[in-house]
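>>> any chance you could fold what I've pasted below:
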Amino acid sequence: MLRTRETISELESSLDPSKFVRINRSVIVNVNHILNYSFWENEKYILRLRDKDQTEFTMSRERLNKIKAQLKLSQ
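Numbering: from 1, shown residues only. Have a look, this model is predicted:
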């Protein structure tokens, strides 16, 4: 976790978009730490991180599609 005085939008714009993705309104993750994602419910997905606790975050399908486009993954 990182604490900063910057807004999340400012932080997002200062990071390399090939290495960091914003998955929801309050979370940016390093793509190297993404384990997987899966459908959850009501157009939502769960993204799991590659850490000892397998931390989970929710994200919308719209955000998932933006991430895929950003990382040039097949849709």
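
>>> CA only for contacts and neighbour counts going forward, please
Noted.

>>> now do the strands in this protein.
Assigned by DSSP state E, the strands in the chain fall at 20-24, 27-30, 34-39, 44-49, 56-60.

>>> now the first one, how far from the chain's geometric center?
Put simply, strand 20-24 sits 3 Å off its chain's centre (CA atoms, centre = their mean, to the nearest Å).

>>> give the pairing partners of that strand; include direction for each.
strand 27-30 (antiparallel) (DSSP bridges).

>>> could you do the fourth one as well?
Partners of strand 44-49 in the sheet, by DSSP bridges, are strand 34-39 (antiparallel), strand 56-60 (antiparallel).

>>> for residue 63, see how far away the most centrally placed residue in the chain is.
The centre of the chain sits closest to residue 23, judged by CA atoms, centre = their mean, with a distance of 3.0 Å. Remark: distance between residue 23 and residue 63 (CA to CA, to the nearest Å) = 6 Å.

>>> what's the answer for residue 7, then?
On the measure of CA to CA, residue 7 and residue 63 end up 19 Å apart.

>>> the more surrounded of these two?
Per other CA atoms under 10 Å, whichever of residue 7 and residue 63 has more neighbours is residue 63, with 17 against 9.

>>> and the more buried one, what pLDDT?
For residue 63, the model assigns a pLDDT of 91.

>>> contact partners for it?
Contacts for residue 63 (CA atoms under 8 Å, 6 or more residues apart in numbering) come out as 23, 24.

>>> make 3 the first number, not 1, from now on.
New numbering, starting at 3: the last item is residue 65.

>>> quick one: distance of the lowest-mean-pLDDT helix or strand in the chain to the chain centre.
Scoring the helices and strands of the chain by mean pLDDT, DSSP states H and E places helix 63-73 at the bottom, with a mean of 87. Helix 63-73 sits 9 Å away from the centroid of its parent chain (CA atoms, centre = their mean).

>>> how long is stretch 25-42 from one end to the other?
OK, stretch 25-42 end separation, CA to CA: 15 Å.

>>> any buried residues in that stretch, and which?
25, 30, 31, 33, 36, 39 (16 or more other CA atoms under 10 Å).

>>> just give me the closest of these to residue 17.
residue 30 (9.7 Å; CA to CA).
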